[in-house]
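S.K.: Test case, fold it:
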Amino acid sequence: MQGLIMAAGKGSRIYCLTDGEPKSFLPIHGEKLIERNVRMLKERGITDITIVVGYRDDAFYDLFGNRTDVDIHFVYNPFFPLANVISSYWMAREAVHDDFVYMHADTICEDSLFDRLLAHPGDIVLPVDTKPCDEEAMKVQVVDGKVVRITKKMPVSDAVGEFIGIACFSKATVPALAQAADEVLHEQRFDEYFEAAIQRVLDRRLFDAEMLDTQGARWQEVDFEEDYKRAKKLFEDGNLA
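M.R.: Residues are numbered from 1 along each chain as shown. All right, here's what the predicted structure looks like:
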């Protein structure tokens, strides 16, 4: 299994706290968000890790460049100021050739939720926080336990909850996801997220997407200053188990 971490963005909405560093360098109890995610992968035997970088790529090279305990590959996305996450996945598509865990560098979750994700059967497994959503959330619609829509553009009334930005994909899905991402970018939909590629795969009924209910497990994406404060409070004991 491989790990794929999206870390190219500048984090403009929280720039007041980052002091010019990448957003995923913000610490939770002395450990950077990106370090936490790399460690979580390593502790589960996932040592083939690709990190897509863009803004301050040099900082990532300095942080991980001398690691010998994990095999970290860097993919540089030069389009990070101009395009959304779909471009980062597109840049890394040739590095993915096996079952893989997809992660956002600025999102953390409990170990127990991550372990449930890895253990859950399915070609596509999407953890969903079943709760009322706001307009900003990556909303999910579910039918008979399968995710059928995943987009921020969905009406909140249609959504069962929010996709947390961490997921598992089987090796079998890799060509279909790569093709879908390629098509989205050929259509010049540069503002799209990776979820646009997932949606295209679902629309073609190539694979089912299993919903994994977070069941109240702690997780947090850090986009805004209040998100970072919430993350520190959620994990104030330093324990993510």
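S.K.: Just the C-alphas of the top helix by length along the chain, formatted as CSV.
M.R.: In the chain, with assignment by DSSP state H, the single longest helix is helix 174-186. Coordinates of each C-alpha in helix 174-186 appear next as CSV, following Å, rounded to 0.1, in the frame of the first residue of the first chain:
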residue,chain,number,x,y,z
VAL,A,174,-6.0,3.7,-10.1
PRO,A,175,-6.4,3.8,-13.9
ALA,A,176,-10.0,5.1,-13.7
LEU,A,177,-9.1,7.8,-11.3
ALA,A,178,-6.2,9.0,-13.4
GLN,A,179,-8.3,9.0,-16.5
ALA,A,180,-11.0,11.0,-14.8
ALA,A,181,-8.6,13.6,-13.5
ASP,A,182,-7.1,13.9,-16.9
GLU,A,183,-10.5,14.5,-18.4
VAL,A,184,-11.4,17.1,-15.8
LEU,A,185,-8.3,19.1,-16.6
HIS,A,186,-8.7,18.7,-20.3
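S.K.: I'd like the distance from it to the chain centre, please.
M.R.: How far helix 174-186 lies from its chain's middle: 17 Å, per CA atoms, centre = their mean, to the nearest Å.
S.K.: And stretch 77-91, by the same measure?
M.R.: For stretch 77-91, the distance to the chain centre is 14 Å (CA atoms, centre = their mean).
S.K.: what's the first-to-last distance across that stretch?
M.R.: End-to-end distance for stretch 77-91: 6 Å, by CA to CA, to the nearest Å.
S.K.: so where is the chain shaky, pLDDT-wise?
M.R.: Residue ranges of the chain with pLDDT under 70: 237-241.
S.K.: mind listing the helices for it?
M.R.: Here the chain has its helices, by DSSP H, at 15-18, 33-43, 57-64, 85-92, 111-119, 174-186, 195-203, 225-234.
S.K.: Tell me the bridge partners for the residue nearest to residue 95 when sequence neighbours are not counted.
M.R.: Leaving aside its sequence neighbours, residue 95 sits nearest to residue 50 (CB to CB, 6 or more residues apart in numbering; 4.5 Å). C-betas here are computed from N, CA, C, even on glycine. Per DSSP bridges, the residues bridged to residue 50 are residue 4, residue 73.
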